[in-house]
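K.L.:
below are the sequence and a predicted model; questions follow.
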Amino acid sequence: MSRIAVVTSSPPDTEGGHLVIGRALSQALREAGHDATLIVTPDFGFGRNLATYRANWRADAGDVDQVISLRYPSYAIRSRPQVCWLNHTVREYYDLWPRFSSTLSPLNTVKEGVRRAAIRAADRWLLTRHVDRVVAQSSTIQARLARDFGIAADVVRPPAPQRSYRCDAYDGFVLAISRLVPLKRVDLLVRALAEPQAHHARAAVIGEGESRAELAALAASLGVSDRVTFLGHLAESDMLGWIARCRAVCFPPAAEDYGFVTIEAFASSKAVITCHDSGGPAELVQDGVNGLVTEPTPAAIAGAIARVIDDEVLARRLGAAGKRTADTMSWRAAVDRLLIV
């Protein structure tokens, strides 16, 4: 038996995929016979990134045999040996820099440019000199590590969390589960409902975020408010019930790191509709096999929604294939690949 610390940073009062992964990995380690503890290190929010890095550097995992770190900058923790199972760095200073910097004033562009240089230098040292091994949670993350740091990382995709997934029905609605922020592109689903192909489709959206009011206003302006229901944050049991009843899951984010929603839908025997540029989800979804992969346009997504709404047999076939995909992934196999002690 080894003593393992699973470490991830997190902003206060925020429930993200990194915490879901951290809890699921800790449980899997315990089920494999190890003494595992989840340690949550500070994230003081964007604009205080340097303070966040300092706090994570000063964090202490205690007397452990190994650390497995996840979200930035938990890999700064000084306990060794350490495997970083990375989901993402501060993306605004990497692949999202063009988008982010375009919103800044000239003065703030200079200020953020200085912070960007400091964070990138810290990440390079931490990920290439400090941690003992870096593992990516998806091929999308693997490509970023190679491009940004020259790191050749293996890929270990997280399986579905240890939850009571089931399939109760294939009711006539599609489901979205997401934080409601622009990068998740839930607006594509709302706009798709206004397309002629999807005029008869209904949707439900689980999640909260800064874009909720904007999305509700968009639905009203497009005349689809009566066909899309915003459910907000739900308890786990209620969320699983909605997945169990939906026809399919629509998850069209932009360049998602991994996206637990995909594998959770598969574990519930539900197909996933995603986009070619969605990153992690598009690695798991095979078009016409266990889901549908489209262009990131309302019309294309509307066509995919119409296909599964109009053809329950197709939705069941794709969902059954998704379940087979989920069944090939196990937490025990992930644990074996992440341990170095």
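P.N.:
Thanks, I have it.

K.L.:
got the contact list for Asp257?
P.N.:
The neighbourhood of Asp257, defined by C-beta atoms under 8 Å, 6 or more residues apart in numbering, consists of Gly17, Asn87, His88, Gln137, Ser138, Thr140, Ile141, Gly279, Gly280. Where you see a C-beta, it was placed from the backbone N, CA and C, and this is true even at glycine.

K.L.:
meant to ask about Val135
P.N.:
For Val135, the residues meeting the contact criterion (C-beta under 8 Å, 6+ apart) are Val83, Cys84, Trp85, Leu86, Ala153, Asp154, Val155, Val156, Arg337, Leu338.

K.L.:
ok, and what's touching the top helix by length along the chain?
P.N.:
The helix of greatest length in the chain, counted in residues with DSSP state H as the criterion, is given as helix 106-125. Contacting residues not belonging to helix 106-125 are listed as 49-50, 53, 72-73, 76, 89-90, 93-94, 97, 100-101, 104, 148-149 [C-beta under 8 Å, 6+ apart].

K.L.:
from Arg147, how far out is the spatially most central residue of the chain?
P.N.:
Ranked by distance to the mean C-alpha position of the chain (C-alpha atoms, centre = their mean), the top residue is Gly259 at 3.0 Å. Summarising the geometry, the distance separating Gly259 from Arg147, computed by C-beta to C-beta, to the nearest Å, is 20 Å.

K.L.:
state whether His281 is indeed within a helix.
P.N.:
One thing to correct before we go on: residue 281 is Pro, not His. Yes: membership of Pro281 in a helix is supported by DSSP: H, G, I helix; E, B strand; the rest coil.

K.L.:
and it, what's its pLDDT?
P.N.:
Here, the pLDDT recorded for Pro281 equals 97.

K.L.:
give me the number of neighbouring residues for it.
P.N.:
27 (other C-beta atoms under 10 Å).

K.L.:
what of Gly223?
P.N.:
Gly223 is surrounded by 10 other residues when neighbours are defined as other C-beta under 10 Å.

K.L.:
next up, the contacts around it.
P.N.:
Ala194.

K.L.:
wait, Ser225 touches Ala219, no?
P.N.:
Yes: counting by C-beta atoms under 8 Å, Ala219 is a contact partner of Ser225 at 4.6 Å.

K.L.:
so between these two, which is more surrounded?
P.N.:
Neighbour tally, Ser225 and Ala219, criterion other C-beta under 10 Å: the higher count belongs to Ala219, 24 against 16.

K.L.:
check what pLDDT that one gets.
P.N.:
Per the predicted model, pLDDT is 98 at Ala219.

K.L.:
helices along the stretch 151-300 of the chain, start to end?
P.N.:
Using DSSP state H, counting those that start in this stretch, the helices assigned to the stretch 151-300 of the chain run over residues 186-193, 212-222, 236-245, 260-267, 280-284, 298-310.

K.L.:
just among the contacts of Val135, which is most surrounded?
P.N.:
Going through the contacts of Val135 with other C-beta under 10 Å as the criterion, the one with the most neighbours is Cys84, at 29 neighbours.

K.L.:
return the distance of Tyr134 relative to Glu295.
P.N.:
Wrong residue type there; residue 134 is Val, not Tyr. When C-beta to C-beta is applied, the distance between Val134 and Glu295 equals 33 Å.
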